[in-house]
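>>> next input, structure requested:
(4 chains)
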Number of protein chains: 2
Amino acid sequence: MMTSADHRRITLADVALGCGVSRATVSLVLRGSPLVHAETRARVEAELKRQGYVYNRGAANLRRKVSSGVALVINDLSNPFFAEFAAGVDEALATAGYVTLLGSTGESVERQRAVLASLLEHDPAGIILSPAEGSDGEQLRSLIGARTPVLVFNRELQARTGDASWDFLSLDNVRGAQLATGHLLERGHRRIAFFGGHRDSSSCRQRREGYRAALSEAGITPEPQWLVECAPTRLEAARQVSALFVRDPAPTAAVCYNDAVALGLMAGLAALGRRAGQDFAVVGFDDIPEATVSAPPLTTVAVDPRARGRQAAELILQRLRDPDAAPHRTVATVQLHVRASSDVLPASLPGATP
Amino acid sequence: MMTSADHRRITLADVALGCGVSRATVSLVLRGSPLVHAETRARVEAELKRQGYVYNRGAANLRRKVSSGVALVINDLSNPFFAEFAAGVDEALATAGYVTLLGSTGESVERQRAVLASLLEHDPAGIILSPAEGSDGEQLRSLIGARTPVLVFNRELQARTGDASWDFLSLDNVRGAQLATGHLLERGHRRIAFFGGHRDSSSCRQRREGYRAALSEAGITPEPQWLVECAPTRLEAARQVSALFVRDPAPTAAVCYNDAVALGLMAGLAALGRRAGQDFAVVGFDDIPEATVSAPPLTTVAVDPRARGRQAAELILQRLRDPDAAPHRTVATVQLHVRASSDVLPASLPGATP
DNA sequence: CTGAAAGCGCTTACAG
DNA sequence: CTGAAAGCGCTTACAG
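Below you'll find the model as predicted:
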């Protein structure tokens, strides 16, 4: 019986021996050099095929001092936002001939450290990093060093020094939240909450900023009880819903930190005997697939994570081409997707004051 | 200004030079050899730290003729089933010290070929492969060769020869569909469709087999119009819904190939003026997160893709430990998750005949 | 147009 | 306990 152990790897030397040329010549053929005589090339290529040669890119990379891997470090693929993002990254990297090295932090700074350390040993040409909450920029910098270019995605890094030496791709969180809030204002809401997220995350701060800006433009100052923090998960959101209604004036609508939180809010409202889209208006952020099928369908801010993934890959590839260019800050546009009934009119609200 | 180009990689030789020992000694320290004198070890470790040395695993792997990467080839991360699966794989591989090399086929045999060829050049220790629909086992075998162990997941490979020389992890599709169908039978349904999927995929065939078995046990022979094929996506499913009702006796319920199809069916029913969970019963397969928040929530067969990912990783790691063991066939258990009202009683159905 | 030689960063017998 | 030497599979000047 044949087993995998029976077969050692076919190398350039085997092929060279097999058709009576030097390893150098085989190497030139592999890399499509025009130096090789057509007849020789044909002989070598036939032998390559015959022996089933597989290029060892690792060995070649070692010699050439290059790398064909790009590390992608994200929170967790269970989150559809990151799954789509990863799909986009992988698609664009594969097209460019790079392989994606995957790493998940699970939003833990400690795991992020371990994952990055392990990935760095695989000598990635670059790193696409969506930092875990609470990441320290200085610490990451000293872990990663100056050799490997990094594209930071989604969350700004807290660094004690002000120098933004890494490329950064962010969503236009301010504008997104502004659109969402403006939409509710147009529908006639005046008492609008911002629900979910942690204040110390930059994306949450930015979304709150857009929310405040829209309210302020309408001459509204948010009440403290309209600002409710919670972990950005469905479960935590559902648990925090009652906080919205402990003090008057209670909100009639909420802009949510993200869709997961919005779905949790809907569930929590139901548990309190209220119905999203009837007694209370909800707008999300992200446009995850669930937003389409939730009851009611969720009006939300679309960030097109797959396109963002492709964009992130393009940015890191560009950086590999030109390592000495000044750091880039890119802000990806976002878009409001208005759906059915999650953004109910206040006329139908009990106790709504226009 | 410092740029990444300024910094060449720190190597063993630099560290050796820096503390006056040979490269061999530094290597022994790195690998925790007990041969090194404690005092020497301390000196070397200090120097390692001081210079910010990063291990080059690729170089070490080349020399040792081992590999620390495992390739994961799936359809697409946009599919939550595969995203969860990938998360599980990555989790278990990372724990074992392997890095995940990601590849997506987008369900195209041609792309699968290209992706595998590219990944093989990175010399993965093993491959976890969820084959694209229509994959040819022989062809994959000749592409991958005999050196790299493969764990096939989810979909059986069509090979002209009967030899099953690769490990295989499958879901218990037969039993899952049997549970789903049995559940509808218990609810009183007699005219039950099997909706969605392509007959030439092994998972679809197996699910249909379970469906038929359950019906047959209840003395029911399915009508031809109860078996509707379509691509396993929400959109295609929505388009095919009318096919269920073109001929009498029309079904009162459907077991769906998967949850995406079930959600599409729900949408399609709505478009026809019927309501899932009121006029028609729907059961899904996979238990994707949307199943919880759809309207109505979807009764479905849970396959726990994340746990399956961990399981797949464990299986390939086991194969790496023992390359010569006989091929394994593993069938993962599945479980029916009954939810709310997608599985309506036929008493409330117009024209239901008990 | 082709080959001999050196070297990428590491490890592994083999001496001492 | 430590070092000199060879070698993993490839590429790159350098001769010829």
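>>> for the stretch 1-150 of chain A, which segments count as strands?
Secondary structure of the stretch 1-150 of chain A (DSSP state E, counting those that start in this stretch): strands at A:69-74, A:99-104, A:126-129, A:150-153.
>>> B:Val174 is nearest to which of these?
strand A:99-104 (32.3 Å; C-beta to C-beta). C-beta coordinates here come from the backbone N, C-alpha and C atoms, glycine included.
>>> do the closest one and chain B meet?
Yes. Using C-beta under 8 Å from any C-beta of the partner chain, strand A:99-104 reaches chain B at A:99-104.
>>> tell me the one among the residues you listed nearest to DNA strand C.
Minimum distance to DNA strand C across the residues of strand A:99-104 next to chain B is 17.6 Å, recorded for A:Leu101 (C-beta to the nearest atom of the strand).
>>> give the burial count for that closest one, as a bare number.
Residues within reach of A:Leu101, counting by other C-beta atoms under 10 Å in any protein chain shown, total 24.
>>> if I look at A:Phe153, how far off is A:Val282?
Shown here: A:Phe153 relative to A:Val282, a distance of 27 Å by C-beta to C-beta, to the nearest Å.
>>> correction: the previous question concerned A:Ser242.
When A:Ser242 is compared with A:Val282 (using C-beta to C-beta), they lie 15 Å apart.
>>> which one of those two has more residues nearby?
A:Val282 (29 against 13).
>>> part of a helix, is that one?
No. Remark: A:Val282 does not belong to a helix; assigned using DSSP: H, G, I helix; E, B strand; the rest coil, it is strand.
>>> what does the model give it for pLDDT?
If you check A:Val282, the pLDDT there is 95.
>>> what of A:Thr353?
The predicted local confidence for A:Thr353 is 42.
>>> what do you get for A:Tyr53?
Reported pLDDT for A:Tyr53: 94.
>>> so in that sheet, which strands flank the helix or strand A:Phe194 falls within, and in what orientation?
Following DSSP states H and E, one finds A:Phe194 within strand A:192-195. Sheet pairing of strand A:192-195 (DSSP bridges) gives strand A:227-228 (parallel), strand A:253-256 (parallel).
>>> and chain A, what are its domains?
Here the domain parsing of chain A from automatic domain parsing is A:4-55, A:68-172+A:305-332, A:173-303+A:337-348.
>>> off-centre distance for the last one?
By that I understand domain A:173-303+A:337-348. Remark: domain A:173-303+A:337-348 is offset 22 Å from the chain centroid, using C-alpha atoms, centre = their mean, to the nearest Å.
>>> hmm, back to that, the strands of the stretch 1-150 of chain A: which one's closest to B:Gly188?
Per C-beta to C-beta, nearest to B:Gly188 of the strands of the stretch 1-150 of chain A: strand A:99-104, 45.1 Å.
>>> show me the helices in chain A, by range?
According to DSSP state H, chain A carries its helices in the segments A:12-19, A:23-30, A:38-51, A:57-64, A:80-95, A:109-120, A:137-144, A:173-186, A:202-217, A:234-240, A:259-271, A:290-293, A:305-321.
>>> redo these as JSON lines? Include distance to DNA strand D and mean neighbour count.
Below are the helices of chain A laid out as JSON lines (distance: least, C-beta to the nearest atom of the strand, whole Å; neighbours: other C-beta atoms under 10 Å in any protein chain shown):
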{"stretch": "helix A:12-19", "distance to DNA strand D": "3", "mean neighbour count": "18"}
{"stretch": "helix A:23-30", "distance to DNA strand D": "3", "mean neighbour count": "18"}
{"stretch": "helix A:38-51", "distance to DNA strand D": "10", "mean neighbour count": "15"}
{"stretch": "helix A:57-64", "distance to DNA strand D": "3", "mean neighbour count": "17"}
{"stretch": "helix A:80-95", "distance to DNA strand D": "20", "mean neighbour count": "24"}
{"stretch": "helix A:109-120", "distance to DNA strand D": "20", "mean neighbour count": "18"}
{"stretch": "helix A:137-144", "distance to DNA strand D": "25", "mean neighbour count": "17"}
{"stretch": "helix A:173-186", "distance to DNA strand D": "43", "mean neighbour count": "23"}
{"stretch": "helix A:202-217", "distance to DNA strand D": "41", "mean neighbour count": "20"}
{"stretch": "helix A:234-240", "distance to DNA strand D": "49", "mean neighbour count": "19"}
{"stretch": "helix A:259-271", "distance to DNA strand D": "46", "mean neighbour count": "24"}
{"stretch": "helix A:290-293", "distance to DNA strand D": "46", "mean neighbour count": "22"}
{"stretch": "helix A:305-321", "distance to DNA strand D": "16", "mean neighbour count": "21"}
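>>> rank the ones you listed by pLDDT, which is bottom?
Taking the mean pLDDT of the helices of chain A, helix A:290-293 comes last: a mean of 79.
>>> just the CA atoms of that helix, as PDB, please.
Extracted in PDB, the C-alpha atoms of helix A:290-293 (Å, rounded to 0.1, in the frame of the first residue of the first chain):
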ATOM      1  CA  GLU A 290     -29.900  39.300   9.600                       C
ATOM      2  CA  ALA A 291     -31.100  42.900   9.200                       C
ATOM      3  CA  THR A 292     -33.100  41.800   6.100                       C
ATOM      4  CA  VAL A 293     -34.900  39.000   7.800                       C
END
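>>> do it and chain B meet at all?
Yes. Helix A:290-293 is in contact with chain B by C-beta under 8 Å from any C-beta, via A:290, A:293.
>>> from the contact counts, what lies against that helix?
helix A:259-271, helix B:259-271, helix B:290-293 (3 or more C-beta pairs under 8 Å, 6 or more residues apart in numbering or on different chains; DSSP states H and E).
>>> can I get those helices in CSV with distance to A:Ile127?
Formatted as CSV, those follow (distance: least, C-beta to C-beta, whole Å):
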stretch, distance to A:Ile127
helix A:259-271, 26
helix B:259-271, 33
helix B:290-293, 32
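>>> buried ones in stretch A:94-104?
Buried positions in stretch A:94-104, judged by neighbour count with 16 or more other C-beta atoms under 10 Å in any protein chain shown: A:94, A:98-104.
>>> which of these sits closest to A:Trp166?
Taking C-beta to C-beta as the measure, A:Trp166 lies nearest A:Gly103 of these, at 16.9 Å.
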